[in-house]
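Q: sharing a model that was predicted from the sequence below.
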Amino acid sequence: MTEKTATRAVDAEIVRALEAILLVASEPVPTDLLAQILEQPAAVVDQLCASLASAYDEAGHGFELVRIAGGYRYQSRGDLAPYVERFILDGQRARLSGAALETLAIVAYKQPISRSQIASIRGVDPDGVLRTLQSRGYIDQVGRDPGPGQAVMWGTTPAFLEKLGINSVNDLPPIVEFVPDAEVVEALEQGLRIPKAADVVSDVTTDQPSNAPSSE
Amino acid sequence: MTEKTATRAVDAEIVRALEAILLVASEPVPTDLLAQILEQPAAVVDQLCASLASAYDEAGHGFELVRIAGGYRYQSRGDLAPYVERFILDGQRARLSGAALETLAIVAYKQPISRSQIASIRGVDPDGVLRTLQSRGYIDQVGRDPGPGQAVMWGTTPAFLEKLGINSVNDLPPIVEFVPDAEVVEALEQGLRIPKAADVVSDVTTDQPSNAPSSE
Amino acid sequence: MAVEVSTPVFEGPFDLLLHLILKEQVDIHEVNLATIVDAYLQEIERLQSLDLEVATEFLLIAATLVELKARRLLPGREDVDLDEELALWEERDLLLARLLECKTFKDVGQVFGRLADEADRSYARACGPDERFAELMPDLLEGVKPRQVHAAYLRATTPKPEPRLDLYHVTLVKANVADALAELLDELPRVGRITFRRLTRDFVERLEVIVRFLALLELFKQGLVDLEQGEKFGDVQIVWTGGDDRVSVSALTIDDYEG
């Protein structure tokens, strides 16, 4: 009994950490990984998750903690699906942004490729875009870099090939040695010119702060 | 009173829907969108979110609901960062340099602002810093100066608000709060004092022509 | 990533000046402008690889400081030219205002740093809807052809032209001691003797006059000119003593002034 009371005190912090980890996870987190991070036996983790799940049920939250695919994750409650559906239909952008398409193209041509390799090509943090692409099922984690750090490696999915109507990434137009296209050469040459009136107008209309991407 | 009780009943469902939607969102969800989906006035949504946030605080969860960059989102609690960082391998966040922070400060308070206006405040060429900030997505070109030269004007992005953990630039403290206090002003004034006749004599004796700028 | 212009210690002229005034000086009532000027000029000399714009900014502030300091060297104060006095005050107030503004944003920058550090400790949920809702997700790739993926790849991997920012709307005074020296070395041997007032009468910008004065001091130090002033506030007479041989700017070691 005394043992159990001591465990309870530790639990409070562990349970909060559990919630924090599960919240930021984008896929089910395996028990073993949770056990390792929280420095607790797997059995304890399972037990904590179970009681957390029933605590959410009792409190009547709109989300639940479920055990799925060998791990734990938060998800919205089934009865609230109509709201979630409305959110997905109303709230999602219907077009892949230019940045997302570029990132997808990099993954397609360079797979398997790590987040940091993508970052070094695009010059920006690709996390948000990768999440979007993954949530749409166009890319997925295809393994880990065997080197130090074991970075997650990304690749395209069969769904991606299907949407593009090709059988394999080899069917994508081949990449030849880089030759800057005319537009780029011109831009380099004109580095210091005043933009023409037409450019100015389009710049002003398209570059409002509110349109700036938030997580690309 | 009866009215209030009726509201409560509706609220329970709305609050659960709110939780479900926020759980599946991959970026901050604007009040207006929530209001539209939940068919509630925006003010009610804001109020519900606020009370939900404080309910989480009181319950001592490992996550919190915050208002950020014009919307609401779930995030892990700051004190649990050590656990979350163990989970997210690439969790290390890049810190901004002093120069980057100062430039960001100028852009945040003076936007839209041109490169040369920033240069005149900081006294140094801001191009490198501006490129860094733009590639991180914290600032963006928000248009062009209508005047001659049509300088590119810079402004902050939603990603900047997220980086600082604030909802809007209007939440930043008024700039007057940062104006150096009297002591500093006096020190600067004294430092750049134009001497009166009395000072002249003593200065002449100490300042030899050898103090003139030389190239050796 | 671009190389940020920075000196070992100070990031810019304001940085340096703020430091000199606010930190070096113990007793603010005993602040000696001469000390600041000397320390400032010394620091500028130490800076080897300043780019032109920063160097100009440093120089501009140095010029103002030198002018303030020169005030102390001038004999007698009874018949001060009111216009000049006023101009000097304006110059000083401008510098003061810029220093205050710079200090203000330095302080804001620190607050931003604290906010960012605090915000960095929290991680956002960004998971998105689970597979139960997959059907609802609009197909973002609808209509996208392999050719467009190819084009996007090329766009992503093509080095972007450095975003050059337009400068023409800025009327920066690009005064430079080296250029001033070159002009003086061309002009003075020809005229032999000239007053400072005449030498600078065509200049509109105050800074140009100051830079010309600095160049003249340089020549004086090198023993190429004599300077005479017959009376208080009288014209400064400049006499070329460098002989008839052409002296080139490169023969004078003035590297520190160049951008």
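A: Yep, it's here.
Q: now do the buried residues in the helix ranked longest in chain C.
A: Using DSSP state H to define each element, chain C has its longest helix at helix C:82-120. For helix C:82-120, burial by neighbour count (16 or more other Cβ atoms under 10 Å in any protein chain shown) applies to C:88, C:91-92, C:95, C:98-109, C:111-113, C:115-116, C:119-120. The way it works is simple: take the backbone N, C-alpha and C, and place the C-beta from them, glycine included.
Q: ok, and of those residues, which contact chain B?
A: Filtering the buried residues of helix C:82-120 for proximity to chain B by Cβ under 8 Å from any Cβ of the partner chain leaves C:88, C:92, C:95, C:98-109, C:111-113, C:115-116, C:119-120.
Q: how about the residues of chain C that lie near chain A?
A: C:123-130, C:132-134, C:136-142, C:144-150, C:152-159, C:161-162, C:164, C:166, C:168.
Q: keep only those of those residues that are in helices.
A: Assignment to helices by DSSP H places the following of the residues of chain C next to chain A there: C:146-150, C:152-157.
Q: that's a strand at residue C:194, yeah?
A: Yes: with DSSP: H, G, I helix; E, B strand; the rest coil as the criterion, residue C:194 is assigned to a strand.
Q: which residue, neighbours along the chain excluded, lies closest to it?
A: Spatially, and ignoring its direct neighbours in sequence, residue C:194 is nearest to residue C:238 (5.4 Å; Cβ to Cβ, 6 or more residues apart in numbering or on different chains).
Q: show me what counts as buried in whichever strand or helix holds that neighbour.
A: According to DSSP states H and E, residue C:238 maps onto strand C:236-240. Neighbour-count burial for strand C:236-240, counted by 16+ other Cβ under 10 Å, picks out C:236, C:238, C:240.
Q: coming back round to it: check which helices and strands the longest helix of chain C sits against.
A: helix B:98-110, helix B:115-122, helix B:158-164, helix B:182-191, helix C:13-19, helix C:52-73 (3 or more Cβ pairs under 8 Å, 6 or more residues apart in numbering or on different chains; DSSP states H and E).
Q: tell me the phi and psi of residue A:124?
A: Phi and psi for residue A:124, reported as degrees, to the nearest 10, are phi -140, psi 160.
Q: excluding its backbone neighbours, what's nearest it?
A: Residue A:124 sits nearest to residue B:135 (Cβ to Cβ, 6+ apart), 5.5 Å away.
Q: hang on, isn't that neighbour packed against residue A:120?
A: No: counting by Cβ atoms under 8 Å, residue B:135 sits too far from residue A:120 to count as a contact (11.4 Å).
Q: and these two? Which one has more around it.
A: Ranked by neighbour count (other Cβ atoms under 10 Å in any protein chain shown), residue B:135 and residue A:120 place residue B:135 first, with 16 against 10.
Q: can you pull the pLDDT of the more buried one?
A: Turning to residue B:135, the model gives it a pLDDT of 79.
Q: dihedrals phi and psi, it?
A: Per degrees, to the nearest 10, the backbone of residue B:135 is at phi -70, psi -30.
Q: separation between residue C:102 and residue C:12?
A: The gap separating residue C:102 from residue C:12 is 8 Å, by Cβ to Cβ, to the nearest Å.
Q: and the residue of the stretch 1-150 of chain C closest to chain A?
A: residue C:128 (3.6 Å; Cβ to the nearest Cβ).
Q: then residue A:61 would be within a strand, right?
A: No: Residue A:61: not assigned to a strand; according to three-state DSSP it is coil.
Q: which residues touch it?
A: For residue A:61, the contacting residues are A:77, B:16, B:19, by Cβ atoms under 8 Å, 6 or more residues apart in numbering or on different chains.
Q: redo those as JSON lines? Include secondary structure and distance to chain C.
A: Output for the contacts of residue A:61, formatted as JSON lines (DSSP: H, G, I helix; E, B strand; the rest coil; distance: Cβ to the nearest Cβ, whole Å):
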{"residue": "A:77", "secondary structure": "coil", "distance to chain C": "11"}
{"residue": "B:16", "secondary structure": "helix", "distance to chain C": "16"}
{"residue": "B:19", "secondary structure": "helix", "distance to chain C": "12"}
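Q: who wins for neighbours among those?
A: Counting neighbours by other Cβ under 10 Å, residue B:19 leads these with 23 neighbours.
Q: and it, what does it touch?
A: A:61-63, A:76, B:52.
Q: buried subset of those as a PyMOL selection?
A: Buried residues within the contacts of residue B:19, by 16+ other Cβ under 10 Å, are selected in PyMOL with:
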select buried, (chain A and resi 61+62+63+76) or (chain B and resi 52)
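Q: of the contacts of residue B:19, which pair is most distant in space?
A: A:76 and B:52 (14.9 Å; Cβ to Cβ).
Q: so residue A:154: helix, strand or coil?
A: strand.
Q: pLDDT at it, what is it?
A: 93.
Q: ditto for residue A:33
A: 94.
Q: number of nearby residues for the nearest residue to residue C:112 once chain neighbours are set aside?
A: Leaving aside its sequence neighbours, residue C:112 sits nearest to residue B:101 (Cβ to Cβ, 6+ apart; 4.8 Å). As a burial measure, residue B:101 scores 24 neighbours (other Cβ under 10 Å).
Q: and for residue A:14?
A: So residue A:14, with other Cβ under 10 Å, has 19 neighbours.
Q: go on, residue A:170?
A: 7.
Q: so residue C:228: helix, strand or coil?
A: strand.
Q: pLDDT wise, what is it at?
A: Per-residue pLDDT puts residue C:228 at 77.
Q: that one and residue C:239 touch, don't they?
A: Yes: look at residue C:228 against residue C:239 with Cβ under 8 Å: they come within range, at 7.0 Å.
Q: ends of stretch C:18-36, how far apart?
A: 10 Å (Cα to Cα, to the nearest Å).
Q: what does stretch C:196-203 give?
A: Where stretch C:196-203 begins and where it ends lie 12 Å apart, using Cα to Cα.
Q: wait, what's in contact with the residue nearest to the spatial centre of chain A?
A: Relative to the mean C-alpha position of chain A, the nearest C-alpha, by Cα atoms, centre = their mean, is the one of residue A:131, at 1.9 Å. Counting by Cβ under 8 Å, 6+ apart, residue A:131 touches A:26, B:26, C:126-128.
Q: report the contact partners of the residue nearest to residue C:112.
A: C:109-110, C:112-113, C:116 are the contacts of residue B:101 under Cβ under 8 Å, 6+ apart.
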